[in-house]
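*Asks:* No letters, just coordinates:
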Ligand SMILES: Cc1cc2nc3c(=O)[nH]c(=O)nc-3n(C[C@H](O)[C@H](O)[C@H](O)COP(=O)(O)O)c2cc1C
């Protein structure tokens, strides 16, 4: 009788644990991305010719190599002094790229080329008010950290917006070169998403950008 009760208790505990993980998601581990490939791609003029916003996405996931290349193109380190593929006002480098995928939401560490887990569940649908957001392989969320926006000067929000735009254009060009679909998005419920991302008061969601394979 005692053994029977113990078995039932273990079964119940396993069931509760499983359903809790299913609803909240287990914390994913950090993902070490492979080194980005910096050769190849279409010639620049052809890439510009192919740049486009696309809003229909296929179901295929992005291989880690492609994700690494994409993030490096977006805002990777391209010089020994730590400067990046996109310019930033006063070299603030204030834009952080969060990656929302089916596995969870991650913060990309450009130095280590590592995806650090932030949310252990799929929040792609929260990164945009348009239905395709939850279908794109990844949604990049551009977050400005105003603790790095230092010094005197008027209109810093405009500068931070410009800095985000340069990164986004790099993503557009990478996608055009690789035949991926992408669209930059202002249409984001920033309040809800910021809560889910556990952002600090000095962090501000600027824009999001969906990326994936185009629907065939
Ligand atoms: C600042 C900005 C915000 C945008 N926000 C959205 C958006 O929320 N949703 C969307 O579907 N497209 C958005 N877009 C994409 C534009 O609609 C798109 O660039 C425009 O229609 C021109 O199309 P093209 O990029 O293919 O040339 C945005 C573009 C910019 C530059």
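*Replies:* Perfect, I can see it now. As the structure is a computational prediction, the values presented were derived from the model and not from experiment. Numbering: from 1, shown residues only.
*Asks:* Please name the nearest non-neighbouring residue to residue 135.
*Replies:* residue 57 (4.7 Å; Cβ to Cβ, 6 or more residues apart in numbering). In this view, the C-beta of every residue, glycine as well, is placed from N, C-alpha and C.
*Asks:* go on, residue 134?
*Replies:* Residue 134 sits nearest to residue 125 (Cβ to Cβ, 6+ apart), 3.7 Å away.
*Asks:* Could you give the backbone dihedrals for the one you found?
*Replies:* Backbone torsions of residue 125, given as degrees, to the nearest 10, read phi -60, psi -20.
*Asks:* residue ranges of the helices in this protein, please?
*Replies:* Assigned by DSSP state H, the chain shows helices spanning 2-24, 44-50, 64-75, 156-178, 190-196.
*Asks:* What's the mean pLDDT across the first one?
*Replies:* The one in question is helix 2-24. Across helix 2-24, pLDDT averages out at 46.
*Asks:* when you give positions from now on, start the count at 56
*Replies:* Got it, the first residue is 56 from now on, which makes the last one we talked about helix 57-79.
*Asks:* for the ligand, what are the nearby residues on the chain?
*Replies:* 107-108, 110, 185, 238-242 (Cβ under 6 Å from any ligand atom).
*Asks:* Just give me the residue right at the centre of the chain.
*Replies:* residue 154 (1.9 Å; Cα atoms, centre = their mean).
*Asks:* From residue 139, how far off is that one?
*Replies:* 17 Å (Cβ to Cβ, to the nearest Å).
*Asks:* Local confidence estimate at residue 195?
*Replies:* Predicted confidence (pLDDT) for residue 195: 98.
*Asks:* Identify the spatial nearest neighbour of it, chain neighbours not counted.
*Replies:* residue 264 (4.6 Å).
*Asks:* these two touch, right, the residue nearest to residue 189 and residue 190?
*Replies:* No: contact criterion Cβ atoms under 8 Å: residue 180 and residue 190 do not qualify, at 9.1 Å.
*Asks:* more crowded one of those two?
*Replies:* Taking neighbours as other Cβ atoms under 10 Å, residue 180 and residue 190 compare with residue 190 leading, 18 against 13.
*Asks:* Give the full set of residues in contact with the more buried one.
*Replies:* Each residue near residue 190 by Cβ atoms under 8 Å, 6 or more residues apart in numbering is listed here: 112, 114, 179, 267.
*Asks:* Whichever of the residues you listed end up buried, select them in ChimeraX.
*Replies:* Here is the ChimeraX command that picks out the buried ones among those, judged by 16 or more other Cβ atoms under 10 Å:
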select :112,179,267
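*Asks:* Taking the contacts of residue 190, tell me the two that lie furthest apart.
*Replies:* For the contacts of residue 190, the farthest-apart pair by Cβ to Cβ is 114 and 179; their separation is 12.5 Å.
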